[in-house]
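[1] sequence below, structure please.
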Amino acid sequence: ATVVRVEEVDGAPLAFPDSCVGTDSHTTMISGLGVLGFGVGGIEAEAVLLGEPLFSPIPTIVGLRLTGRLPAGTTATDLVLTVTERLRAHGVVGAYVEAFGDGLATISLADRATIANMSPEFGATTTLFPIDEITLDYLRTTGRSDESVALVETYAKAQGLWRSAGAEPLYDAIVHIELGEVVPSLAGPRRPQDRVPLPNLGASFAAAYPDRFYDVGIAEQHAVAAATGIAMGGGRPVVAIYSTFLQRAWDQIVHDVCQNDQPVLIGVDRAGLVGEDGTSHQGMFTLTAHRQIPRLIIASPADEQQLRALVRTALAQEHPFTIHYPRDAAQGVPPRAPEPLPIGRSEVLAEGGDIVIAAFGPIVQRALTVAEHLRSSGLSVGVVNAIWAKPLDDALFRRLGRTAKLLVTLEESVVSGGFGGAVLESLAADEAAGGPPVSAHVLTVGIPAGSFVDHGSVGDLRALIGLDEAGIERQIRAAWEARPRP
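    Numbers count the residues shown, from 1 in each chain. This is a model prediction of the structure:
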């Protein structure tokens, strides 16, 4: 799309807005670029191809006012589902929706196109976005010439198509969305255009699938035992319980789920530091305890998209499976199709010869930032997204134990017997079995053992026990300086 087209008319160049019609329902995506586009039937499309004009009654124009900024942790999906819900509630069937408002300055062109793409879902003919600096940036990024970009800017400003701060165009009706009020959501559970805020997910699923949802209150033991029965009957149960309260179901996990080797998926919610809920809610002991149980697979994702992949992985295999995930906000990673992951194979994000940081769970995001800081000091630093605490990627960690000078394990769990302990045990077992000597100095970083973590905000607690970025970097630099040298 050129956004603005130029053709010669009566011997003189004439500039006019670009437009697009197509027979595909995704045609409206182009409206995110400021090009009016919408779907038509085969007869209309054929007429346009033959050079005939396309006639349309003057439509109702509904303004979509966007103000503010999306909160941290919300994604384009959350915004799209909110827009769809609000416009369906207002009623925009057959209307043209036009986005405006100062909030557009924070909406990328990709997200604009995603909203425009949903026009058929909320019934509008199209959803047109204005031309602004974000539009021009996209044109430059995609290789448009300086002359064509300048033409788009000049034409849009001259014709009133340019988005100006504070502008309030006139519309037949206006739907206002404050971006700061958008909350993390999921689509469904039955229709993809429906939106379910995360706090309401359980109630929504229960209403849609009453024969597949069991709320047992705070009877964690009963939840796990019942899930085992469902699995033995051929079902695929998913049990979601706070990490700290899953301790109550220890007997059922050991004797019911794992001794019978049943494919129960346990979502270990609030794994790690929880914050203002108090000392009793810190999810700090479950990983260490679960590592002792035979047949139990233990995983933790780096981000929300890997979490989706781990759910697919769990449901594609036939053994007990736990996924540890924190209370933290999502990372805002763009959606990707979830595919099952190879069990027991970690992900090397960067190789390093001096220091390698192996992180279990979303704490890998802090590891990446710390690695960048260390590299600024001239160090060669690698990062591993462990994914698996059990089974451990023995081959990888045994290689790192003999190639890195300092191997750091990182987890938001009590450090004794956790992921770091698993790495140490693997190195020791291989060396005891006659493998080459381990040359790396190993530092295990996690929640200190021997005491409980008090009430406080997650940020304050991480800083207090050295699990924020500054604290992690400080511990690694100290270990690097203190490491044994040949």
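
[2] next one: G435 from H441, what distance?
    18 Å (Cβ to Cβ, to the nearest Å). Bear in mind the C-beta positions are built from the backbone N, C-alpha and C, glycine included.

[3] so which of these two has more stuff around it?
    Shown here are G435 and H441; by other Cβ atoms under 10 Å, H441 has more neighbours (18 against 14).

[4] list the residues that contact the residue lying closest to that one once chain neighbours are set aside.
    Leaving aside its sequence neighbours, H441 sits nearest to R483 (Cβ to Cβ, 6 or more residues apart in numbering; 4.1 Å). Listed by Cβ atoms under 8 Å, 6 or more residues apart in numbering, the contact set of R483 reads K405, L406, H441.

[5] what's the spacing between the nearest residue to the first one once chain neighbours are set aside and P169?
    Take K405 and drop its neighbours on the chain: the residue closest to it by Cβ to Cβ, 6+ apart is D354, 5.2 Å away. D354 sits 58 Å away from P169 when distances are taken as Cβ to Cβ.

[6] next: V3.
    Distance from V3 to P169, by Cβ to Cβ: 19 Å.

[7] kindly report the same for L36.
    For L36, the distance to P169 equals 15 Å [Cβ to Cβ].

[8] now the top strand by length along the chain: mean pLDDT?
    Of all segments of type strand in the chain, defined using DSSP state E, the longest is strand 406-414. For strand 406-414, the mean pLDDT works out to 97.

[9] what packs against it?
    helix 286-290, strand 355-359, helix 364-375, helix 394-403, helix 419-432, strand 441-447, helix 469-482 (3 or more Cβ pairs under 8 Å, 6 or more residues apart in numbering; DSSP states H and E).

[10] how big is the angle separating that strand from strand 441-447?
    Relative orientation of strand 406-414 and strand 441-447, computed by axes from the mean of the first three to the mean of the last three Cα atoms, to 10 degrees: 20 degrees.

[11] in its sheet, what does strand 406-414 sit against?
    Paired with strand 406-414 in the same sheet, following DSSP bridges, are strand 355-359 (parallel), strand 441-447 (parallel).

[12] now these in CSV, with mean pLDDT and distance to G68?
    Shown next, in CSV, are the strands paired with strand 406-414 (pLDDT from 0 to 100; distance: least, Cβ to Cβ, whole Å):
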stretch, mean pLDDT, distance to G68
strand 355-359, 98, 34
strand 441-447, 96, 36
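
[13] what does the helix or strand containing E8 rub up against?
    Assessed by DSSP states H and E, E8 sits inside strand 4-9. If you take Cβ under 8 Å, 6+ apart as the criterion, strand 4-9 is touched by P13, L14, A15, F16, P17, D18, S148, L151, V152, Y155, A156.

[14] tally of neighbours for the second one?
    Number of residues near L14 (other Cβ under 10 Å) recorded here: 10.

[15] confirm that it sits in a strand.
    Yes - under DSSP: H, G, I helix; E, B strand; the rest coil, L14 sits within a strand.
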